[in-house]
Each structure stands twice: as structure tokens, then as C-alpha cells.
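**Student:** The amino acid sequence is not available; the structure is as follows:
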């Protein structure tokens, strides 16, 4: 599959709403939540006013002009927050484009951008049952903290 990874265009910021919803991990056999769940303050922190903060960054995976995945980071007080100097990751791909190496490519490219920008680390939160844990470990994230349901993972540059 041919795809390119490129920075998101400002006119494309609205797609982050869809990818935020797609990023919600839904275990097998569980009914997906309604789409309006992304309007909750705990989730809006990932996308509200995206692009207006100096540390907002986003890359998209583009297949023949269609955005099929996105990885974005910002410094925010989200589930993966560890301090006010560390950007938190969000990543999502449409189901048909998962397990094809696109997520790994998005993560690696964003990690390179953050390293070049001088960050010392990056963080994320992931449910323990989510298959994406393996992706995050593969690109170099390590478990930093955990609770019953989730890991907070950190990547050190």
C-alpha cells in the first residue's frame, strides 16, 4: 500500500474529531460509545483549539489524497500527562489501515520531529488490553506508571 506521511494542513484540522473518536479503544464485544462522547472535556483537551498552541504538532497518513490516519501531540493535562514540558501523543488509524506499518511510520516520524525540537521525552496513555501497546513498545516507549486499566508510557530521547 502506498501512502505518504505529511504535516496536517490547517484546513484539515476538523478530521481530528473523527480520529479522536477512532482512537477510543473498544474491547471486543463492547458496544461503541456514541460519537458525541468526544465532546466531553476529558477528550476535548486533545483537539480543542488545535494548532493555536506552540507545541501542537500533527502528521497524517495520506493514501491517494485521503487521510487514513493521524498522530498528534500537544502539551496538555490528559491521561498520559507526566509534566508540563512533555508532549502527549494521540494516534489513530481507520480500521482498514491498521496492522500495515502506517502507525509505526507515523510514530517514528513524530518522534523524530519532537527530538529535533529538543524535547527530552514524550508520553501517552493506553489501556492495557489495547493491541497498540505492542506498537508503542516497538518504537521505544516504556511503561512509566500504571493503574488497573491503563499504562502511562514514556519515550526518552
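**Tutor:** Great, that's in hand. Computed from a predicted model, the values in this text were never measured in an experiment. Numbering: from 1, shown residues only.
**Student:** contacts, neighbours, all on C-alpha from now
**Tutor:** Fine.
**Student:** in the protein, which spans are helices?
**Tutor:** 15-22, 41-44, 102-116, 132-139 (DSSP state H).
**Student:** Out of the ones you listed, which gets nearest to residue 89?
**Tutor:** helix 102-116 (8.9 Å; CA to CA).
**Student:** Determine the angle, from 0 to 180 degrees, between the longest strand seen in the chain and helix 102-116.
**Tutor:** As assigned by DSSP state E, the longest strand anywhere in the chain is strand 66-74. Angle of strand 66-74 versus helix 102-116, following axes from the mean of the first three to the mean of the last three CA atoms, to 10 degrees, is 40 degrees.
**Student:** Spatially central residue in this protein, please.
**Tutor:** For the chain, residue 90 is the residue whose C-alpha lies nearest the centre (CA atoms, centre = their mean; 1.6 Å).
**Student:** quick one: the residue of the chain most remote from its centre from residue 157, how far?
**Tutor:** The C-alpha centroid of the chain is most remote from residue 29, which lies 23.6 Å away (CA atoms, centre = their mean). The gap separating residue 29 from residue 157 is 38 Å, by CA to CA, to the nearest Å.
**Student:** again, but for residue 112
**Tutor:** Residue 112 is 9 Å from residue 157, by CA to CA.
**Student:** For stretch 93-103, buried residues please.
**Tutor:** By 16 or more other CA atoms under 10 Å, the buried positions in stretch 93-103 come out as 93, 97, 102-103.
**Student:** for it, how far is the first residue from the last?
**Tutor:** This stretch, stretch 93-103, spans 7 Å end to end (CA to CA).
**Student:** average pLDDT for that stretch?
**Tutor:** Stretch 93-103 carries an average pLDDT of 96.
**Student:** Run a quick neighbour tally on residue 123.
**Tutor:** 25 (other CA atoms under 10 Å).
**Student:** I meant residue 49, not that one.
**Tutor:** Residues near residue 49, counting by other CA under 10 Å: 11.
**Student:** likewise the one 3 residues further on?
**Tutor:** Residues contacting residue 52 under the criterion other CA under 10 Å number 8.
**Student:** Kindly report the same for residue 118.
**Tutor:** 10.
**Student:** The chain should start at 19 in everything you say after this.
**Tutor:** All set: I'll call the first residue 19, so the last point we hit is now residue 136.
**Student:** Thank you, goodbye.
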